[in-house]
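Visitor: Make a model of this:
(one chain, ligands or ions: 1)
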Amino acid sequence: MDDLLTRDEYGAIARELSLPVNAFIHGRFTPAHGGGTFETVNPATGKVLAEVASCDAEDVDRAVVKAREAFERGAWSKMHPSERKHVLIQLVKLLKRNRYELAVMESLESGKTIRDCALIDLPETLNCLEWHAEATDKIYGQVSPSGDDALGMIVREPLGVVACVIPWNFPIMLMAWKIGPALAAGNSVIVKPAEQTNTTALRVAELALEAGIPEGVLSVVTGPGETTGKAIGLHPGIRMVSFTGSTEVGRLFLEYAAKSNLKRIVLECGGKNPCLVLDDAENLDSVAAHVTQSVLWNMGQNCSSNSRLIVHRKIKDALVEKVMDRFREWRIGDPLDPQNHLGAMTTPEQYEKVLGYIETGKKEGAELLVGGGAIENGGGYFIAPTIFDGVVPEMTIARDEIFGPVLSVIAVGDAAEAVEIANDTAYGLQASVFTSNVKRAHALARALQAGTVTVNCYGEGDITTPFGGYKLSGFGGRDNSLLAHDQYTETKTIWIDLSDDPIGEQID
Ligand code: NAD
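Guide: Here you go, the predicted model:
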């Protein structure tokens with residue numbers, strides 16, 4: 001809380017901002033070679049915010065050539081790990097110095113509240129980059145247990161040019177999740193932000209150059225997914241793509257890889273996450289606070305949102321009552337006002353999609369308890385926090401990822417039924433369990449098909465724990481923790497024959 005400014009101070013920063021709008025290639029801002037641009041919009045007002053460079057395959061190719069040259073030059077890839085660490089930590093310092101400006105940029109483009117940007121997204125971005133920077137000179141290779149007549153060394157090497165394709169829901173934080181380990185490993189990195197949210201990525205790249213990351217090592221290409229993203233997916237010079245976004249587009253990246261150079265693909269995709277609350281759950285006030293945070297954080301535009309509350313019928317009404325109270329407490333409105341907990345939906349498409357799901361919920365017979373529609377507020381894309389009771393697993397709102405502030409309450413009779421419903425989904429990203437029985441908590445954590453299971457809290461773990469999904473929620477690797485470094489490196493075996501006996505040999 002101590003890092004929040006006032007609404008007026010944020011307004012002043014917003015007025016003075018000069019938003020970067022060109023791609024960042026080879027250490028400088030560059031318009032798209034064809035001169036094309038596209039508009040981005042402030043979701044809180046519906047007004048145009050910026051005209052951003054629309055890069056195509058030729059721009060992507062230029063970024064790859066420059067990234068490859070930088071990699072071959074070795075100014076970063078062969079820099080001593082301890083020095084790379086210092087440069088990355090210098091980047092963290094510069095980001096920290098510019099955190100107010102970055103938080104405002106992030107809020108203006110995404111509709112997120114400044115409160116979240118300042119208190120969650122920016123601190124987590126800094127923490128993530130610092131953590132991976134610190135790991136740079138602390139990761140060891142291995143020696144194989146191959147006997148005395150050979151030395152088998154297993155070393156990790158950077159891949160070369162890697163790309164990070166980012167969604168619009170956590171633009172700067174998810175960029176950090178990917179560039180942190182990718183840069184620490186010595187790769188050259190090309191970032192493709194979502195077309196709605198570009199400016200923080202561009203500013204990070206600019207600050208990275210100032211911190212001492214050599215030109216060409218960190219580039220940002222802006223543009224539409226079907227053009228810029230596709231060109232990245234198909235480029236033969238890119239060795240790996242780390243993608244976060246929808247499962248649908250994630251599948252495309254696997255196709256692009258198959259059609260081009262079999263580049264490595266790591267996917268973090270959607271979720272339809274369950275929160276199981278059993279009848280022995282303690283402290284329903286605390287449970288209600290976690291449920292609310294999980295569903296409303298970032299207006300529900302969160303892949304790990306617990307959008308299905310699967311609760312024992314004995315305590316359902318008592319818990320839902322408390323959740324409704326909390327929903328009413330979350331203030332919605334102007335994202336730059338630090339008093340607000342909920343901002344605008346990031347895109348008009350997402351706004352329409354969520355409103356459509358709310359209508360479907362009503363039509364399919366779910367009982368609307370609170371919310372249930374748009375909130376008029378100066379042309380922005382605001383949606384009232386919504387709870388549906390009486391949801392059954394067959395309903396659309398219980399099956400599809402809504403990606404909005406909508407909670408579906410499903411009543412069950414016991415833990416076995418809760419697990420069955422929880423796992424009856426194509427996704428498997430995150431799940432939460434509330435129970436006071438420690439044995440049951442362990443059993444449920446094992447039984448749930450999800451990359452992260454939290455017990456008696458909602459969350460995603462932290463930077464030290466891997467994050468990613470089972471089933472359609474993920475593929476090929478994990479973000480966060482030291483495991484993240486593996487996906488940005490190649491494994492090499494170096495085998496040295498030691499079978500002769502040099503000790504017994506005559507030395508001339
Ligand atoms: P999206 O899949 O539409 O876009 C993600 C990125 O892919 C963007 O940069 C976009 O420009 C690019 N892209 C879009 N179409 C493309 C194409 N045809 N070819 C190549 N690239 C293309 O996703 P979104 O709407 O920005 O984000 C929301 C989704 O992200 C949700 O499904 C959410 O669950 C998921 N998400 C997952 C995680 C996770 O860690 N598992 C985290 C955040 C968001």
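Visitor: What part of the chain, helix or strand, is modelled with the least confidence?
Guide: For the chain, counting by mean pLDDT, DSSP states H and E, helix 483-487 ranks last in confidence among helices and strands (a mean of 95).
Visitor: Next, the buried residues of that one.
Guide: Of all the residues in helix 483-487, those buried under the rule 16 or more other C-beta atoms under 10 Å are 484-487. In this view, the C-beta of every residue, glycine as well, is placed from N, C-alpha and C.
Visitor: What residues does the closest residue to residue 43 other than its chain neighbours make contact with?
Guide: Leaving aside its chain neighbours, residue 43 sits nearest to residue 111 (3.4 Å; criterion: C-beta to C-beta, 6 or more residues apart in numbering). Applying C-beta atoms under 8 Å, 6 or more residues apart in numbering, we find residue 111 in contact with 42-44, 299, 335, 343-346, 380-381.
Visitor: what about 10 Å?
Guide: 41-45, 168, 196-197, 298-299, 301, 335, 342-347, 350-351, 380-382 (C-beta atoms under 10 Å, 6 or more residues apart in numbering).
Visitor: Likewise for residue 27?
Guide: Residue 27 neighbours (C-beta under 10 Å, 6+ apart): 66, 70, 205-206, 208-209, 213-219.
Visitor: now residue 124
Guide: Residue 124 neighbours (C-beta under 10 Å, 6+ apart): 170, 172-173, 176-177, 462-463.
Visitor: correct me, but residue 146 touches residue 499?
Guide: No - here residue 146 does not reach residue 499: they are 11.4 Å apart, not a contact under C-beta atoms under 10 Å.
Visitor: who has more neighbours, those two?
Guide: residue 146 (13 against 8; other C-beta atoms under 10 Å).
Visitor: pLDDT at that one, what is it?
Guide: Listed pLDDT for residue 146 reads 94.
Visitor: Identify the spatial nearest neighbour of it, chain neighbours not counted.
Guide: residue 152 (4.3 Å).
Visitor: likewise residue 344?
Guide: In space, residue 344 is closest to residue 111, 3.4 Å off (C-beta to C-beta, 6+ apart).
Visitor: Check what pLDDT the residue nearest in space to the middle of the chain gets.
Guide: Closest residue to the average C-alpha location of the chain: residue 174 at 3.8 Å, with C-alpha atoms, centre = their mean. pLDDT, residue 174: 98.
Visitor: So it versus residue 488, what's the distance?
Guide: Using C-beta to C-beta, to the nearest Å, residue 174 is found at 15 Å from residue 488.
Visitor: what's the answer for residue 58, then?
Guide: Taking C-beta to C-beta, one finds residue 58 at 26 Å from residue 488.
Visitor: the more surrounded of the two?
Guide: residue 488 (29 against 12).
Visitor: In contact with the more buried one, which residues?
Guide: Neighbours of residue 488 in contact, by C-beta under 10 Å, 6+ apart: 132, 156, 158-159, 162, 164, 178-187, 189, 239-240, 242, 264, 266, 477.
Visitor: In strands, which of the residues you listed appear?
Guide: 156, 158, 162, 164, 189, 240, 242, 264, 266 (DSSP state E).
Visitor: Closest to the ligand out of those residues?
Guide: The closest of those to the ligand turns out to be residue 164 (C-beta to the nearest ligand atom; 9.4 Å).
Visitor: Which residues of the protein lie near the ligand?
Guide: Contact residues, the chain versus the ligand (C-beta under 6 Å from any ligand atom): 165-169, 192, 194-195, 225-226, 229-230, 233, 244-246, 249, 252, 268-271, 303, 401, 403, 429, 469, 473.
Visitor: Narrow the residues you listed to those that are buried.
Guide: Using 16+ other C-beta under 10 Å, the buried members of these are 165-169, 192, 194-195, 225, 229-230, 233, 244-246, 249, 252, 268-271, 303, 401, 403, 429, 469, 473.
Visitor: hang on, the earlier thing: just flag the most distant two among the ones in strands among the contacts of residue 488.
Guide: 156 and 164 (18.8 Å; C-beta to C-beta).
Visitor: what about those two, which has more around it?
Guide: residue 164 (27 against 18).
Visitor: picking up where we left off before, what helix or strand does the residue nearest to residue 146 sit in?
Guide: strand 150-158 (DSSP states H and E).
Visitor: Which strands border that strand, and is each parallel or antiparallel?
Guide: strand 142-143 (antiparallel), strand 489-497 (antiparallel) (DSSP bridges).
Visitor: The longest one versus strand 161-165: what angle between them?
Guide: Following axes from the mean of the first three to the mean of the last three C-alpha atoms, to 10 degrees, one obtains 150 degrees for the angle between strand 489-497 and strand 161-165.
Visitor: Can you tell me how far the residue nearest to residue 344 is from residue 85?
Guide: 35 Å.
Visitor: Please apply the same query to residue 368.
Guide: 53 Å.
Visitor: more crowded one of these two?
Guide: residue 85 (20 against 15).
Visitor: For the more buried one, which residues are in contact?
Guide: 79, 130, 132-138, 184 are the contacts of residue 85 under C-beta under 10 Å, 6+ apart.
Visitor: of all those residues, which two lie farthest apart?
Guide: 79 and 130 (18.0 Å).
Visitor: Closest one of the buried residues of helix 483-487 to residue 325?
Guide: Distances from residue 325 to those, taken by C-beta to C-beta, are shortest for residue 484, at 38.7 Å.
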